[in-house]
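Student: structure for this input, please:
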Amino acid sequence: MVELKTDTSIDAMHEAGQVVARALTAVRQAADVGVSLLELDAVAHEVLREAGAASPFLGYRPSFAPTPFPAVICASVNDAIVHGIPDGYRLRDGDLVSIDCGAILEGWAGDSAVSFTVGTPRAADVTLIESAERALAAGIDAAVVGNRIGDIAHAIGSVCRTAGYGIMEDFGGHGIGRHMHEDPGVPNEGRPGRGLPLRHGMVIAIEPMLIGGGRDDYHCAPDGWTLRTNDGSRAAHVEHTVAITDAGPRVLTSRDGL
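Tutor: Numbers count the residues shown, from 1 in each chain. Purely as a prediction, here's the structure:
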């Protein structure tokens, strides 16, 4: 069931989203050659603590997971697409890093992700990240009252496929509110004009995940969480929490503070 949020609730979700935005900004600023993924997790954890927010990631255990997630961020490097567990790995020059983070504040959730490179970037990685961001922007632009879920999916998928990238079939965006994952699902590829109609008060997380090699297949690492490309190519993951309103899409996790 899809819960329509009131304008007051959307304002509260914006506050949670801004905690996430600050955490991602702090992590990106801290990320450098030689910094460990565990150190980045600690940076995000401190931002949440200072805000009085809880992490929806820490201890989360969906049906597919063998163990609860042990951190407040997902840190996915190079061929890891999503759900990477922060560990002692120290970032190297040229790494492509995707950080996913969430927060629960006053009972409302926010969820966002960003991809970036560390040190000297590869040209192909820059293009991959730019394409992911364009796909996210296209999805947000399609998140308007009167459209359908399929219009968002089609907008994202069109950018990805035109650029020659792969898309994971089984993972995409989702509704969000009191819980990090709610109805409806928001695929990263689909047919326009299909699916649930978009209404004022719906809040969704839109999150393109692009596979650089152009293939769609992937596998789960032995840790039971990290999803990696089968061909070893690099991946990018970006995400925003977006409220659908009569005035247009409102990005609740924007990192410009608006």
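Student: residue ranges for the strands of this structure, please.
Tutor: 73-77, 80-82, 96-105, 108-117, 166-167, 173-175, 182-186, 203-206, 209-211, 218-220, 227-229, 235-237, 240-243, 250-251 (DSSP state E).
Student: any chance of those strands in TSV, with distance to Ala42 too?
Tutor: To be clear about C-beta, it is placed using only N, CA and C from the backbone, and glycine gets the same treatment. Listed next are these as TSV, based on distance: least, Cβ to Cβ, whole Å:
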stretch	distance to Ala42
strand 73-77	10
strand 80-82	20
strand 96-105	13
strand 108-117	18
strand 166-167	32
strand 173-175	27
strand 182-186	29
strand 203-206	24
strand 209-211	25
strand 218-220	26
strand 227-229	24
strand 235-237	21
strand 240-243	23
strand 250-251	27
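Student: of all these, which lies closest to Pro62?
Tutor: strand 173-175 (11.4 Å; Cβ to Cβ).
Student: what's next to the closest one, contact-wise?
Tutor: The contact list for strand 173-175, computed with Cβ atoms under 8 Å, 6 or more residues apart in numbering, reads 2-3, 139, 152, 180-188, 202-207, 239.
Student: so what's the gap between it and the chain middle?
Tutor: Centroid separation for strand 173-175 versus its chain: 10 Å, with Cα atoms, centre = their mean, to the nearest Å.
Student: do stretch 122-133 as well
Tutor: Worked out by Cα atoms, centre = their mean, stretch 122-133 lies 16 Å from the chain centre.
Student: what mean pLDDT does it have?
Tutor: Stretch 122-133 shows a mean pLDDT of 98.
Student: who wins for proximity to Ala124 among the strands of the chain?
Tutor: It is, among the strands of the chain and with distance given as Cβ to Cβ, strand 96-105, at 9.4 Å.
Student: tell me the angle the closest one makes with strand 73-77.
Tutor: Comparing the axes of strand 96-105 and strand 73-77 via axes from the mean of the first three to the mean of the last three Cα atoms, to 10 degrees yields an angle of 170 degrees.
Student: now the strands of the chain in a markdown table, with distance to Leu24, mean pLDDT and mean neighbour count?
Tutor: Listed next are these as a markdown table, based on distance: least, Cβ to Cβ, whole Å; pLDDT from 0 to 100; neighbours: other Cβ atoms under 10 Å:
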| stretch | distance to Leu24 | mean pLDDT | mean neighbour count |
| --- | --- | --- | --- |
| strand 73-77 | 9 | 98 | 26 |
| strand 80-82 | 15 | 98 | 23 |
| strand 96-105 | 6 | 98 | 26 |
| strand 108-117 | 5 | 98 | 25 |
| strand 166-167 | 23 | 98 | 22 |
| strand 173-175 | 17 | 98 | 23 |
| strand 182-186 | 20 | 97 | 18 |
| strand 203-206 | 14 | 98 | 28 |
| strand 209-211 | 16 | 98 | 28 |
| strand 218-220 | 24 | 97 | 15 |
| strand 227-229 | 20 | 98 | 21 |
| strand 235-237 | 12 | 98 | 28 |
| strand 240-243 | 11 | 98 | 27 |
| strand 250-251 | 13 | 98 | 20 |
